[in-house]
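[1] model this:
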Amino acid sequence: MKKIKDFDFHNKKVILRTNFDVPFDEKGKIFDDFRIRKSLPTIKYLLEKGAKVILISHLGRPSTGIKLSLEPVAKKLSELLDQKVEFIKDCVGRQAQGAVNKMKLGNAILLENLRFNSGEEDNNENFAKKLASLGDIYINDAFSSCHRMHASIVGIPQYLPKGAGLLLEEEIKILSSIVKKPKRPMILILGGAKIETKIPCLLNFLKIADHILVGGMIAPTIFYAKSLSLSAVDLEEDTKEQLSKIELTNSKLHLPIDALVGLRHHDLDYLRQTAVGKIRKEEQMFDIGPETVRIFSSIIQEAKTIIWNGPLGYIEDERFAGGTLSIASAILRSNAFSIIGGGDTGAFSAVNNLRSKFSYISTGGGSMLEFLSGKELPGIKALE
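    Numbers count the residues shown, from 1 in each chain. Take a look at the predicted model:
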């Protein structure tokens, strides 16, 4: 795999695939610019080498009703780079092509991928060819998207000289050191949502980790699937099949034994602490309980390597953020090499001024888990 320093970029149009899928607040302003700042070394390197930098990214589907755009990202980049980064609300049409044709040495533009939410970003060959026609060289610096079979991840590299950016190179180097020779005990802490992607990772990690501590929405999903809770969770058939492979008697698997629960419609006046087996049908688990925190913390103290992805509770409500904060504190009290990943986990650590205290912060969530569990990421394979 070629690296960014293997190319001559002078007067070349460089398509730089980044991941600027950053969190926004309710007013549509950038809440956490971590991923933007992590992309700066690669962007600056290309600009300094006289490249014409064509930035392409995507935005995930917003959880709120706000219509999001990459335009605030272009403004933030302009501020951080101290030069104008033009925002183009298109990526393969006349407007995008016209903007690329007008570029000068050391210029950067950011293209809006309007096709992501329509599904066309999936590995559509025609779309990939149109994107590739904009540039001379393709550089992938979006580790956090490398587990996706997107046209901009696996399609463009078929048509252009390609290589890895500085961030992608850094992620591969650090994560590979864990995969090849992890210091043990190695613990995975798994929370958050995105059940359909995290259950396969959990199954993979059961083969390689010494302990897996489970919280977030994953825990009640397992409880419901195994008929240990009356609190219903919507499950796809594929997810049900994956969950059937989990053996609760596996000594590596640690599920919560108590929880903080609320009503499904999130009544602010309702809060109860209970054993997980006593959660009622109308209730939902929103955080791990104090006894679970105690047990999880004792396991964490013995760890030499800790991988953390996903909050342990519904951190959007401060009443249910205590479990996640307690586990974060336990990680920092340990002597383990700690790596965290995932947008929600990273944002939580930033809000609580913890980000700089972990050993490494990955820009990836699902991609980090898949890489560490030994899976080959399509985006990395496409650069070979």
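
[2] got the residue ranges for the helices in the protein?
    Under the criterion DSSP state H, the chain contains helices at 34-48, 71-81, 94-101, 125-132, 166-180, 195-208, 218-225, 237-243, 290-300, 322-333, 343-351, 366-372, 378-381.

[3] the bottom helix or strand of this structure by mean pLDDT?
    helix 237-243 (a mean of 85; mean pLDDT, DSSP states H and E).

[4] picking that back up, could you dump the helices of the chain to TSV with mean neighbour count and distance to T249?
    For glycine as for every other residue, the C-beta is placed from the backbone atoms N, C-alpha and C. As requested, the helices of the chain are exported to TSV (neighbours: other CB atoms under 10 Å; distance: least, CB to CB, whole Å):
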stretch	mean neighbour count	distance to T249
helix 34-48	19	39
helix 71-81	18	47
helix 94-101	15	55
helix 125-132	18	46
helix 166-180	17	27
helix 195-208	18	12
helix 218-225	23	13
helix 237-243	14	15
helix 290-300	18	17
helix 322-333	20	24
helix 343-351	21	29
helix 366-372	25	24
helix 378-381	19	34
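
[5] Distance-wise, check the nearest residue to I340 once chain neighbours are set aside relative to R17.
    Of all residues not flanking I340 in the chain, W308 sits nearest, at 4.4 Å (CB to CB, 6 or more residues apart in numbering). Distance, W308 to R17, by CB to CB, to the nearest Å: 26 Å.

[6] Can you give the contact residues for the least confident helix or strand of the chain?
    Contact with helix 237-243 is made by 195-196, 199-200, 203, 221-222, 225-226, 235, as judged by CB atoms under 8 Å, 6 or more residues apart in numbering.

[7] Now with 10 Å, please.
    With contact meaning CB atoms under 10 Å, 6 or more residues apart in numbering, helix 237-243 is reached by 195-200, 202-203, 218, 221-222, 224-226, 233, 235-236.

[8] Please report the distance of L55 from I339.
    Applying CB to CB to L55 and I339 gives a distance of 27 Å.

[9] neighbour-wise, which of these two wins?
    L55 (26 against 20; other CB atoms under 10 Å).

[10] Apart from its neighbours in sequence, what residue is nearest that one?
    Nearest in space to L55, with sequence neighbours left out and distances taken as CB to CB, 6+ apart, is L110 at 4.4 Å.

[11] Number of residues surrounding that neighbour?
    26.

[12] Distance check, it against V100.
    12 Å.

[13] Please consider this matter closed, and thank you.
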